[in-house]
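Participant: Here is a sequence together with a model predicted from it:
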Number of protein chains: 2
Amino acid sequence: MRTRHRRPLSFLILLVATALVASDAPDPVLRGFTPARSRAQRALEEKFLAVPDPAQAEAHHKTLTAEPHVAGSPADRRTAEYVLEQFRSYGLEAEIEEFYVLLSEPREIKLELLEPVRWSGPRPEYVQADPASDDRRTLMGFNGYSASGDATAEVVYAHHGLPADYQRLREEGVSAEGKIVIARYGGSFRGVKAKVAEENQAAALIIYSDPEDDGYHGGDTYPDGPWRPASSVQRGSVLYIFHYPGDPTTPDGPSVAGAPRIAPADATNMTGLPVLPLSYADARIILENLSGPVAPREWQGGLPFAYHLGPGPAKVRLRVRMDHAIKPVWNVVAKIRGAERPDEIIVLGNHRDAWTYGGVDPNSGTTAMLEMARGLGVLLRTGWRPRRSLWLCSWDAEEQGLIGSTEWTEKHAAELQQKAVAYLNLDSAVAGDRFGASAVPSLKEFLREVAADVADPKGGSVLERANQRLRERLQRGVVPGRAPSGGTEPKPIAARRIDIGNLGSGSDYTAFLDHLGIPATNFGFGGDYGVYHSIFDNHRWMKEFGDPEFLYHVAAARYYGLQALRLAQADLLPFDYQAYGQEIQKYVKGIRNKLVLLSQTNELDFAPVEKAARRLADTGKDLREKYEWALAQGLQPPHLDRVNHALVEAEQAFLLPEGLPGRPWFRHAIFAPGTYTGYASVPLPGVHESIDAEDFDQARHQLEALTAAINRAADTLESAERQVQ
Amino acid sequence: MRTRHRRPLSFLILLVATALVASDAPDPVLRGFTPARSRAQRALEEKFLAVPDPAQAEAHHKTLTAEPHVAGSPADRRTAEYVLEQFRSYGLEAEIEEFYVLLSEPREIKLELLEPVRWSGPRPEYVQADPASDDRRTLMGFNGYSASGDATAEVVYAHHGLPADYQRLREEGVSAEGKIVIARYGGSFRGVKAKVAEENQAAALIIYSDPEDDGYHGGDTYPDGPWRPASSVQRGSVLYIFHYPGDPTTPDGPSVAGAPRIAPADATNMTGLPVLPLSYADARIILENLSGPVAPREWQGGLPFAYHLGPGPAKVRLRVRMDHAIKPVWNVVAKIRGAERPDEIIVLGNHRDAWTYGGVDPNSGTTAMLEMARGLGVLLRTGWRPRRSLWLCSWDAEEQGLIGSTEWTEKHAAELQQKAVAYLNLDSAVAGDRFGASAVPSLKEFLREVAADVADPKGGSVLERANQRLRERLQRGVVPGRAPSGGTEPKPIAARRIDIGNLGSGSDYTAFLDHLGIPATNFGFGGDYGVYHSIFDNHRWMKEFGDPEFLYHVAAARYYGLQALRLAQADLLPFDYQAYGQEIQKYVKGIRNKLVLLSQTNELDFAPVEKAARRLADTGKDLREKYEWALAQGLQPPHLDRVNHALVEAEQAFLLPEGLPGRPWFRHAIFAPGTYTGYASVPLPGVHESIDAEDFDQARHQLEALTAAINRAADTLESAERQVQ
């Protein structure tokens, strides 16, 4: 039935699509808009794009980063009030929404090397040129939600501290049991390292910043360059956010006043180990005093000696005393009511709290959000109203464990699942000039299209520059005399386009996508950023290295706003389920390949899931092509509302009624942060992690649940389409 | 015509081959032998394998490495006499064959840092624990065939010093013209670095050992571990051996007494620049004093600071005074006359000269060769004679530029091209326990088969352990949560087998394969070997780290001997031209892929070369399958001699009458060391390098010459086969 009309249409649109793909230039007529609306939208966008301003951005940034403002502190409250004022001054309706959540602060931290030499630390972060070094208001280097404890033991070096690392230690005859493990940052979210150290019965965990990763191996260190200096410490939470994020004491609901709570001791997302982050100046003193087997080559870091595994002779006493208490935190929420479809909401969010000053993380994002909001305000003052509603959220306590956004989404879950069209996240907006983005597969092409319409401060569009950078990198990989493998058909480098990544975790899209099934995006301009979560992540660093002219803050504001305006105004929402279905097919193929690689014989039947993914891709293509074609003709196709609703609902159809094995808060069948990655996305997590655990019964069950979820999404699209015919 | 009988045969043999491939275990019946001969061969091999002995190996090694024995020195002469005596004591006929060649030794070397601080070097290699540190007989750190010169200039850091690196420097606004370039070892043969520095008009070149490559980044440094200590220097020749190896003054003929010579100044394989190797202790002083742009991340090394490109402020004066003089060098050649086919010769060769003591390079190989020769001697004393002839060669002056072997092959070119069946090279036989090998494609499977029949000192066969190591490495690369790309069909890791590499250059097979078209092999047991070409490459290092029990020297002797015995005794020579043809197809595909990647439009027609390669593979398969099948049945197939001859001649058919563009000494159409790799093999070099140079006219011409060469090889096999039918 469907195919009767499809062929000629597909063919036409395929031609258009091919033409688009072949070029980095934007299409003159916006996809999903009628020609008339597209013209109006272009005019609107032009007005919007003219607003964000580097001087204003710099002023916001300076104010927001004027003092350390960890979540729940008076300084944090002051930033909330600043954002509130700004929103209101742009003509937006805005309120502060308070939550009461378990926060974690250090009271006392002491590290002593007892053997083979005595030394006492940790030493403070310090570089002479930056007054931040003398600011008594910053919290010392610590890991949020570390357990309090006092451990004395020999030290073992465990590389990234992941399961394969402990496996390798065992192969080398080294046990971490009862030992103080020192692991380097990288390879996973730090909370995973704490969990795996606990699983391996370590007595405590030290996590240090290796100079190979964000220190001098990247280039000059602060204040001479943007990289981490020897004394600098990466703070950060070790909450098991891959188990569930948000307030540990309210796993199932919002942390409003009077909410039912569990005792912190009963929370399953908190570590039982004392955990301490360390600078490489301090870590060196421990690592240099390890003997035992030489570390494998890929475990060696940037310190100038051969790393050893231990245990000992380095023997360490680590004392950590933490204060965990319920305190208020403050989200700021501004709402612009849609003129035509007020109950279709585009939610935008950026966190505001910082471990120290938040120079990059997150107040480059807050700055961009404010300039974006100011741009919307300018449009509103002309009498314009968006067709759909726009909500702008300034989250609190993201650093502790995505708490502000998680509690808020838990509070508003029903309304969001009914009304939210998409969630657009912005965390660290600017650390340099290198654009990167992630999204659900249905929005990846949309993000590229928006990037084609935002000017890059260094010339061309953001998309053109990002593609160009990719192509230069690939070009450099082509070595004279060396031919690429004869195995696969390559694609010309000149035609390669940047990849839009998958959403894992580590920022505020998590609850929206993984818990509620709301399509989400994330983006930022990355750079040589070595001062992450240190006292040097401040305004001075940004002025010296990150974005001295604040031009990329302006670009970020524009990019953020353009995403919002397109989604708010489009006739047809730009969700591409053909791409989604195709990516799922790719993930399935990847899992099948892994099973072949490992010769894991099993009776898993992948045919149904592959069929479901093809069905989703076919249905998605069919629906989108027809509607895009009709709109491009200036037609008003029937049931457009219903189709738009279906496009939104299809994402929620991916939610698993039972959630993922062992972590039911995570409900999305296609994406979750990995249990052993923490940040990085694991596609088809239920199936993938069951196979990794060699639990094939569970894998079979998860495969069925996944197949059902994909079929539900396809059903959702098909039922909308049936109306049409 | 050919296909009439082929199908059923192929099918049968395919089954057998598949069964073989699926297992690491040796085949009970040797390929290319009748069952009866195979049994006799197995018995012979058993006798041979019992001979090599660790205590004897250690004694050889101790004697050979007792003093520094650079080519042409009295100590070198003493090693020649030792080898001669040993050969003779085993009952072999052996002689010293003298050549007169241009050798290169340092007279005075001085390095001064003039700006921004004063420092004078280079400092000597030294570790307290090793008496080698105080041995006045070793030559100071120098690069053989450096020009003499006195240069004063600012310094520029150029990473590996390859063309792409200078391109990158230009992109960063840094010119090397008139500057002293400091480059790190790695990425190419060091002579390439000299040539490229010269092309970029540098004033001089310093090449240093970065600790990331063979220093502490690998593990503990000598004397605590096997890696390069801070003071240690990698000596080595910078002769342009990729242009032509051997004595620079006799580019076209052997350096016998009274040979016609060109003046060194007219030699096209010598650099015009002063070149000096440096330790990382010394290099650090220069690198730390560079400013200018920060080096790209992949250029950063293991020293604990951010590398900069310069130029300056480091300003250096480098004085190098060299002595280049014609001196005698001594190859030792032992000959065992074949009983049945004396005019079919298996040539084995290992060089004997060393930059210092030759602990690994090359006297681990000399040790293995002597123990192998002793094994042959034991067989000979039982009255056995090989069916084919065996020649054992101990080369001199390899380190200077493959001189001993090159001059010898040039002298005996006609006889070798007529009689040599194969050349089996052995250079550094043992630096650890990790087997690796290279060969022409026709002998790759043969090398695996031999490896399946030699016991690894750590258990299993050499092949099993090597495969196991590969599989463990691949297994480690499979990360939980991460699925391999969905793009290609993977192969189970458990079924993966070690790759046998391609022969590039840097050892004595070069003249045999690249100049004369004689099929060649090379192998060794690699390891954590950081003291290459330093004074610490000595007996002490070997006893401490490389092979304390000399068990791998014994394994190398066995492996070397088994190669020789199989080739000497086989009814059918084990050359597999199906594999050769298939590899050529893969190389062509690789080049085509590269053209696609780079969107290089051209009118190159690859169809003829692909057809020729397919034809070679088909003919090779056909011929081999028939003969192997017949022999396996115990039949004596007709024209076996002629077929064997064709199998040898097919390799010579690959020689290009005109040689490669710009370097006619290199005549092989399929393999050559890359002009910009120096050591590493570039497949289809004429075509590949023409394309890299974007000279498509030349590429077309080379493609035709390549196609003709492959067709000649196929003709050779076909004409033998025609006789058969």
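Facilitator: Yes, it's here. Quick caveat: nothing in here was measured; it's all calculated off a predicted structure.
Participant: What average pLDDT does the helix or strand encompassing residue A:642 get?
Facilitator: Per DSSP states H and E: residue A:642 is located in helix A:640-652. Across helix A:640-652, pLDDT averages out at 96.
Participant: try stretch A:459-476
Facilitator: For stretch A:459-476, mean pLDDT rounds to 96.
Participant: Give me the buried positions along it.
Facilitator: For stretch A:459-476, the neighbour count (16 or more other Cβ atoms under 10 Å in any protein chain shown) marks A:461-467, A:471, A:474 as buried. Backbone N, C-alpha and C define where each C-beta goes, glycine included.
Participant: So which of those is the closest to chain B?
Facilitator: Proximity of the buried residues of stretch A:459-476 to chain B (Cβ to the nearest Cβ) peaks at residue A:474, which lies at 7.7 Å.
Participant: Which residue comes closest to the closest one once chain neighbours are left out?
Facilitator: residue A:493 (4.7 Å; Cβ to Cβ, 6 or more residues apart in numbering or on different chains).
Participant: Thought residue A:475 was touching that neighbour, still the case?
Facilitator: Yes. Using Cβ atoms under 8 Å, residue A:493 is in contact with residue A:475, at 5.7 Å.
Participant: related to what we said a few turns ago, show me what contacts the residue nearest to residue A:474?
Facilitator: By Cβ atoms under 8 Å, 6 or more residues apart in numbering or on different chains, the residues touching residue A:493 are A:471, A:474-475, A:478, B:597-599.
Participant: if I look at it, how far off is residue A:468?
Facilitator: 11 Å (Cβ to Cβ, to the nearest Å).
Participant: Then residue A:431?
Facilitator: On the measure of Cβ to Cβ, residue A:431 and residue A:468 end up 19 Å apart.
Participant: List of residues touching the helix holding residue A:642?
Facilitator: Residues from elsewhere that reach helix A:640-652 (Cβ under 8 Å, 6+ apart): A:341, A:344, A:417, A:420-422, A:440, A:442, A:516-519, A:571-573, A:575, A:577, A:623, A:627, A:637, A:713-714, A:716-717, A:719-721, A:723-724.
Participant: Buried ones from those, can you make that a ChimeraX selection?
Facilitator: Those of the contacts of helix A:640-652 that count as buried under 16+ other Cβ under 10 Å are selected in ChimeraX with:
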select /A:341,344,417,420,421,422,440,442,516,517,518,519,571,572,573,575,577,623,627,637,713,714,716,717,720,721,724
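Participant: Report the distance from the lengthiest helix in chain A to the chain centre.
Facilitator: Longest helix in chain A, counting residues (DSSP state H): helix A:696-724. Offset of helix A:696-724 from its chain centre (Cα atoms, centre = their mean, to the nearest Å): 26 Å.
Participant: so does it get close to chain B?
Facilitator: No. Applying Cβ under 8 Å from any Cβ of the partner chain, one finds helix A:696-724 out of contact with chain B, separated by at least 13.2 Å.
Participant: what angle separates that helix from helix A:640-652?
Facilitator: 180 degrees (axes from the mean of the first three to the mean of the last three Cα atoms, to 10 degrees).
Participant: Helix A:696-724 - contacts with which helices or strands?
Facilitator: In terms of contacts (3 or more Cβ pairs under 8 Å, 6 or more residues apart in numbering or on different chains; DSSP states H and E), helix A:696-724 is packed against helix A:577-597, helix A:607-632, helix A:640-652, helix A:685-692.
Participant: What are the buried residues along the second one?
Facilitator: Okay, so that is helix A:607-632. A:609-610, A:612-632.
Participant: Look up how far residue B:587 lies from residue A:410.
Facilitator: For residue A:410, the distance to residue B:587 - Cβ to Cβ - is 59 Å.
Participant: buried sites along stretch A:516-530?
Facilitator: Buried, per 16+ other Cβ under 10 Å, within stretch A:516-530: A:516-525, A:527-530.
Participant: end-to-end on it?
Facilitator: Using Cα to Cα, to the nearest Å, the end-to-end distance of stretch A:516-530 comes to 34 Å.
Participant: Off-centre distance for that stretch?
Facilitator: With Cα atoms, centre = their mean, you get 5 Å for stretch A:516-530.
Participant: anything in that stretch sitting right up against chain B?
Facilitator: No. If you take Cβ under 8 Å from any Cβ as the test, stretch A:516-530 misses chain B, and the best it gets is 8.7 Å.
Participant: average pLDDT for that stretch?
Facilitator: For stretch A:516-530, mean pLDDT is 98.
Participant: Please apply the same query to stretch A:153-164.
Facilitator: 97.
Participant: Output that stretch as PDB, nothing but the C-alphas.
Facilitator: Provided in PDB are the C-alpha atoms of stretch A:153-164 (Å, rounded to 0.1, in the frame of the first residue of the first chain):
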ATOM      1  CA  ALA A 153      48.300   0.400  52.700                       C
ATOM      2  CA  GLU A 154      50.800  -0.200  50.000                       C
ATOM      3  CA  VAL A 155      50.000   1.300  46.600                       C
ATOM      4  CA  VAL A 156      49.200  -0.500  43.300                       C
ATOM      5  CA  TYR A 157      49.100   1.300  40.000                       C
ATOM      6  CA  ALA A 158      46.100   0.200  38.000                       C
ATOM      7  CA  HIS A 159      46.200   2.400  34.800                       C
ATOM      8  CA  HIS A 160      42.600   3.600  34.200                       C
ATOM      9  CA  GLY A 161      41.300   1.400  36.900                       C
ATOM     10  CA  LEU A 162      38.800  -0.400  34.700                       C
ATOM     11  CA  PRO A 163      38.000  -4.200  34.800                       C
ATOM     12  CA  ALA A 164      40.400  -5.100  32.000                       C
END
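Participant: so what's residue A:42 scoring on pLDDT?
Facilitator: Residue A:42 is given a pLDDT of 97.
Participant: again, but for the one 4 residues further on
Facilitator: The confidence metric pLDDT takes the value 97 at residue A:46.
Participant: name the element it belongs to?
Facilitator: Short version, using DSSP H and E: residue A:46 is in helix A:35-49.
Participant: Okay, angle between that helix and helix A:607-632 too, please.
Facilitator: Using the same axes, to 10 degrees: helix A:35-49 against helix A:607-632 is 90 degrees.
Participant: Can you name the next helix or strand after helix A:35-49?
Facilitator: Moving toward the C-terminus from helix A:35-49, the next element (DSSP H and E) is helix A:54-64.
Participant: What residues of the following helix or strand past that next one count as buried?
Facilitator: With elements assigned by DSSP H and E, the helix or strand that comes after helix A:54-64 is helix A:74-89. Of all the residues in helix A:74-89, those buried under the rule 16+ other Cβ under 10 Å are A:75-77, A:79-80, A:82-84, A:86-87.
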